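Trainee: Generate coordinates for the sequence data below:
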Amino acid sequence: MKSNQGFILNKKWNVNAKHALYRSDGTWYHVLVDFPGAYFDDHGYLLFNTEEEYRSSKYFNVTKEVGISRGISKIPGYVRIIPDNSDFLQNELLLAIHQEVDSGGSPVFTKQQLIDKGLDIFVPDSTKKQFMSEEILSSTLNEVKYRKIIAPLANNFYLLIDRPVDVDKSDLSDEAIDVAITLHKLTIGNVPTSDEQVLTRRRHGQSRLRMLTLNNYGHRCAFCDVDDDSLLVASHVVRWADDPIARGDLSNIICLCRFHDPLFEQGYICLTDDCQIETISSSNKTVSTNLALITGFRSPKQFPPLPEYLRRHRQRNRQNAT
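Mentor: Coordinates of the predicted model:
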């Protein structure tokens, strides 16, 4: 480590810190004592205007020394002065991933597939190609994962998530579909088809949507006490046919029983933006009986209904009523 490098970079980059410390990879430092203070690495710096800002950071603990496992470059507020090769390597790797996914027809891939592909890349400031080693490949995959471009699956599989995951186009595992759903990436087609393979894939996607919805609501109707899975359905707030993008969004799906699902569909039951229940009275005895069974809205574990979807549901049913 160059003991005066922090002083040099502080002056060279006009940071004007009173205390400047340097570490090549940005992962370990002594404690800053004068402020504004700054940590420097080879490519940029992280400035702390006050001691309170420094010591209250949630990204590291200030003890006798300061360890930052992923480096200061991953902390919000980091100022990059000199670009490094990591962005370049990530872009090259993403290009290879897209080629592999497009040629294989599935958004799921393994690291081994990339290794077998043999990644020869051009490196900055060079006219020659250089082989991307397995070590660099693993490190770059992790960087791409942190950017939420790929999602890890079991057994060293990955799912490409920088674009919609179309269940119609490939045979996906339960895990891959579940990950795509929770990340709001799953799309399910609605174009009529006689292709049995496509129909099977759609049914698989719909089955996982239902299961995740039931899990999200504790396998109980959101409006009453029905907890028999055979009587529970995944009820879309914005109808399936009205918004293809929202079909796989758990924030557009509520677990309802078979008694309350049609009443919600037809507008006898609506939810306000803050999920308060509104009902329309009916002279029909069966409808009135089922409305009377509503005990309130049971909040899900996660993915509560989005106000935008609830407003569209109310607007559609008000239009139908007029």
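
Trainee: Show me the shaky parts of the chain.
Mentor: 1-3, 82-85, 118-133, 320-322 (pLDDT under 70).

Trainee: one more time with 80, if that's ok
Mentor: 1-3, 82-89, 117-137, 139, 190-192, 319-322 (pLDDT under 80).

Trainee: gap between the spatially closest residue to residue 295 that is not a sequence neighbour and residue 237?
Mentor: Spatial nearest neighbour of residue 295, excluding adjacent residues (CB to CB, 6 or more residues apart in numbering): residue 224 at 5.7 Å. All C-beta spots, glycine's among them, are computed from the backbone N, C-alpha and C. Residue 224 is 18 Å from residue 237, where distance means CB to CB, to the nearest Å.

Trainee: Ok, residue 228 next?
Mentor: Residue 228 sits 23 Å away from residue 237, going by CB to CB.

Trainee: So which of these two has more stuff around it?
Mentor: Neighbours were counted for residue 228 and for residue 237 using other CB atoms under 10 Å; residue 237 has more, 25 against 11.

Trainee: who's in contact with the more buried one?
Mentor: Counting by CB atoms under 8 Å, 6 or more residues apart in numbering, residue 237 touches 252-254, 271, 305, 309-310, 312-313.

Trainee: Any chance of TSV for those residues, columns secondary structure and neighbour count?
Mentor: Shown next, in TSV, are the contacts of residue 237 (DSSP: H, G, I helix; E, B strand; the rest coil; neighbours: other CB atoms under 10 Å):
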residue	secondary structure	neighbour count
252	helix	26
253	strand	28
254	strand	30
271	strand	22
305	coil	22
309	helix	20
310	helix	22
312	helix	18
313	helix	23
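
Trainee: now, which of those sits nearest residue 204?
Mentor: residue 253 (16.5 Å; CB to CB).

Trainee: thought the closest one was touching residue 236?
Mentor: Yes: counting by CB atoms under 8 Å, residue 253 does reach residue 236; the two are 5.7 Å apart.

Trainee: hang on, the earlier thing: tell me the contacts of the residue nearest to residue 295?
Mentor: By CB under 8 Å, 6+ apart, the contact set of residue 224 is 257, 259-260, 293-295.

Trainee: try 7 Å
Mentor: Counting by CB atoms under 7 Å, 6 or more residues apart in numbering, residue 224 makes contact with 257, 260, 293-295.

Trainee: what's stretch 92-100 in contact with?
Mentor: Stretch 92-100 has contacts (CB under 7 Å, 6+ apart) with 109, 113-114, 117, 119, 121, 140, 144, 149, 160.

Trainee: Now secondary structure too, for the residues you listed, in a markdown table please.
Mentor: What follows is the contacts of stretch 92-100, written out as a markdown table (DSSP: H, G, I helix; E, B strand; the rest coil):
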| residue | secondary structure |
| --- | --- |
| 109 | strand |
| 113 | helix |
| 114 | helix |
| 117 | helix |
| 119 | coil |
| 121 | strand |
| 140 | helix |
| 144 | helix |
| 149 | coil |
| 160 | strand |
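
Trainee: Select, from the residues you listed, the two members most distant in space.
Mentor: Using CB to CB, those span at most 19.0 Å, a distance reached by 121 and 160.

Trainee: So the two - more neighbours on which side?
Mentor: Set side by side, residue 121 and residue 160 show more neighbours around residue 160, with 22 against 18, by other CB under 10 Å.

Trainee: Quick check, the more buried one in contact with residue 101.
Mentor: Yes: Residue 160 is within contact range of residue 101, at 5.3 Å (criterion: CB atoms under 7 Å).

Trainee: got a list of what the residue of the chain most remote from its centre touches?
Mentor: Most distant residue from the mean C-alpha position of the chain: residue 283, 45.8 Å away (CA atoms, centre = their mean). Residues counted as contacts of residue 283 (CB under 7 Å, 6+ apart): none.

Trainee: That one and residue 19, how far apart?
Mentor: Using CB to CB, residue 283 is found at 78 Å from residue 19.

Trainee: Which of the helices or strands spans the closest residue to residue 177 other than its chain neighbours?
Mentor: In space, and not counting its chain neighbours, residue 177 is closest to residue 208: 4.4 Å by CB to CB, 6+ apart. Using DSSP states H and E, residue 208 maps to helix 196-216.

Trainee: The following helix or strand past that helix vs helix 196-216, what angle?
Mentor: Using DSSP H and E, the helix or strand that directly follows helix 196-216 along the chain is strand 232-236. Calculated by axes from the mean of the first three to the mean of the last three CA atoms, to 10 degrees, strand 232-236 forms an angle of 100 degrees with helix 196-216.

Trainee: which residues sit against strand 232-236?
Mentor: With CB under 7 Å, 6+ apart, strand 232-236 has contacts from 209-210, 213-214, 219, 221, 226, 252-258, 261, 264.
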